[in-house]
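1. need a 3D model of the following:
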Amino acid sequence: MQSTFLAGTVALVTGASSGIGQQIAEDLARQGAAVGLVARRQDRMEAHVARLRELGARAEMFPADLTGTGGHHLVEQEPGAVRTELTDHIRDGVRETQQAWYDSLETLQAHDVAEAVTFMVTRPRHVAVAEVRILPTEQQ
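-> Residues are numbered from 1 along each chain as shown. Have a look, this model is predicted:
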């Protein structure tokens with residue numbers, strides 16, 4: 001791991017089997033946090049936890065489907081257009097329109113959003129960053 005800034009802290013990251021959640025878990029682990037990964041896809045989490053542990057991180061996984069549970073947020077991030085596999089879940093008919101829009105601009109990547117979240121949680125204890133909106137330059 002590269003930093004000890006978050007040493008002694010624990011981060012529970014939802015959606016951690018891919019995309020933004022996976023990148024957030026890795027970035028927080030690189031800052032020294034112990035990370036708990038929560039997601040539906042256990043096979044992907046197992047592989048990600050193994051990689052994090054190889055890097056020297058303390059990582060655990062918690063398979064769970066949190067869709068529709070009304071979960072709570074400690075920080076809120078509002079990313080604009082992010083290219084992840086989530087677009088595969090968009091229903092037919094809408095997917096083509098969405099894909100054309102994504103192809104028309106340079107979208108954010110998972111690491112762009114993960115860096116913003118990592119910034120939010122690595123502020124001194126007396127600083128609270130409650131909300132961040134991050135957009136591709138062309139989406140302004």
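
2. ok, the residue nearest the centre of the chain - contacts?
-> The centre of the chain sits closest to Gly21, judged by CA atoms, centre = their mean, with a distance of 2.5 Å. By CB atoms under 8 Å, 6 or more residues apart in numbering, the contact list for Gly21 reads Val13, Thr14, Gly15, Leu37, Ala39. C-beta: built from backbone N, CA, C; applies to glycine.

3. could you redo the last one with a cut-off of 7 Å?
-> Listed by CB atoms under 7 Å, 6 or more residues apart in numbering, the contact set of Gly21 reads Val13, Thr14, Gly15, Ala39.

4. tally of neighbours for the last one?
-> A count of neighbours around Ala39, defined by other CB atoms under 10 Å, yields 23.

5. what's the closest non-adjacent residue to it?
-> Ser17 (3.6 Å; CB to CB, 6 or more residues apart in numbering).

6. before we move on, what about the first one?
-> Spatially, and ignoring its direct neighbours in sequence, Val13 is nearest to Ala25 (4.4 Å; CB to CB, 6+ apart).
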